[in-house]
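S.K.: Below is the sequence, then the predicted model.
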Amino acid sequence: MNIQQAGLLQAPGQGNSHWFAEDLYTFKAVGEDTGKAYTLCEVVVAPQGGGAPPHRHSQDSESFYILEGELEFYIDGEKIIATPGMFIYSPQGQIHQFTNKTYLPVKMLVWLTPSGFENFIADVGKPINQVISGSPLTRADLENILATAPKYGIEILPPPAES
């Protein structure tokens, strides 16, 4: 028996896109494409505060590859300034966060293994075909994210105290 899996090609600008607050997530490969092995998305993180709060995933591991710009990452409390070409792996259960503190957008690739994260973003984000640009989180958006995250094994944590 010869089993052949169809390939996948996503040209620049292609993929299912959602605004997650002011950040743009474009999914290049999702569970449906990868036999649920992984999700790959291109993320454009908004300047001056875009990013993700402290959180951890109980169902998947997350990897980041910085393409353009500079992000401030915290991995288990350790600060990392991520620049183009840097790769960061955060295994399942590890607390991590990232913030764009610069005046320019940051572009990165994010891999999640196994797949499923795309469903979380679809549930809490805004499809790009319905919203022209991202906007700051409203209280209703935040409540939706906090209520939906556990369904996908994501625990959103309070930000660390400023020192």
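M.R.: Happy to help now that I have it.
S.K.: is it true that residue 149 lies in a helix?
M.R.: Yes. Using DSSP: H, G, I helix; E, B strand; the rest coil, the assignment for residue 149 is a helix.
S.K.: For it, list the residues it contacts.
M.R.: Contacts for residue 149 (C-beta atoms under 8 Å, 6 or more residues apart in numbering) come out as 55, 120, 124, 155-156. Using the backbone N, CA and C atoms, a C-beta is placed for each residue, glycine as well.
S.K.: all strands in this protein, in order from the N-terminus.
M.R.: Ranges of strands in the chain, per DSSP state E, are 16-20, 23-29, 39-45, 51-57, 61-68, 71-75, 78-82, 87-90, 96-99, 106-113, 126-127, 154-156.
S.K.: Switch the ones you listed over to TSV; also include mean pLDDT.
M.R.: Listed next are these as TSV, based on pLDDT from 0 to 100:
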stretch	mean pLDDT
strand 16-20	91
strand 23-29	94
strand 39-45	96
strand 51-57	93
strand 61-68	97
strand 71-75	96
strand 78-82	96
strand 87-90	97
strand 96-99	96
strand 106-113	97
strand 126-127	88
strand 154-156	76
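S.K.: now those strands in CSV, with mean neighbour count and distance to residue 7?
M.R.: Formatted as CSV, these follow (neighbours: other C-beta atoms under 10 Å; distance: least, C-beta to C-beta, whole Å):
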stretch, mean neighbour count, distance to residue 7
strand 16-20, 20, 18
strand 23-29, 20, 11
strand 39-45, 23, 14
strand 51-57, 18, 28
strand 61-68, 17, 21
strand 71-75, 18, 31
strand 78-82, 12, 30
strand 87-90, 16, 24
strand 96-99, 22, 31
strand 106-113, 20, 18
strand 126-127, 14, 26
strand 154-156, 17, 30
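S.K.: Throw those strands into CSV and include distance to residue 142, thanks.
M.R.: Formatted as CSV, the strands of the chain follow (distance: least, C-beta to C-beta, whole Å):
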stretch, distance to residue 142
strand 16-20, 12
strand 23-29, 14
strand 39-45, 18
strand 51-57, 10
strand 61-68, 21
strand 71-75, 20
strand 78-82, 25
strand 87-90, 22
strand 96-99, 15
strand 106-113, 21
strand 126-127, 14
strand 154-156, 9
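S.K.: looking at the ones you listed, which is closest to residue 145?
M.R.: Nearest of those to residue 145, taken as C-beta to C-beta: strand 154-156 at 6.8 Å.
S.K.: Now do the contacts for the closest residue to residue 158 other than its chain neighbours.
M.R.: Among residues not flanking residue 158 along the chain, residue 54 sits closest, at 7.1 Å (C-beta to C-beta, 6 or more residues apart in numbering). By C-beta under 8 Å, 6+ apart, the residues touching residue 54 are 74, 95-97, 156-160.
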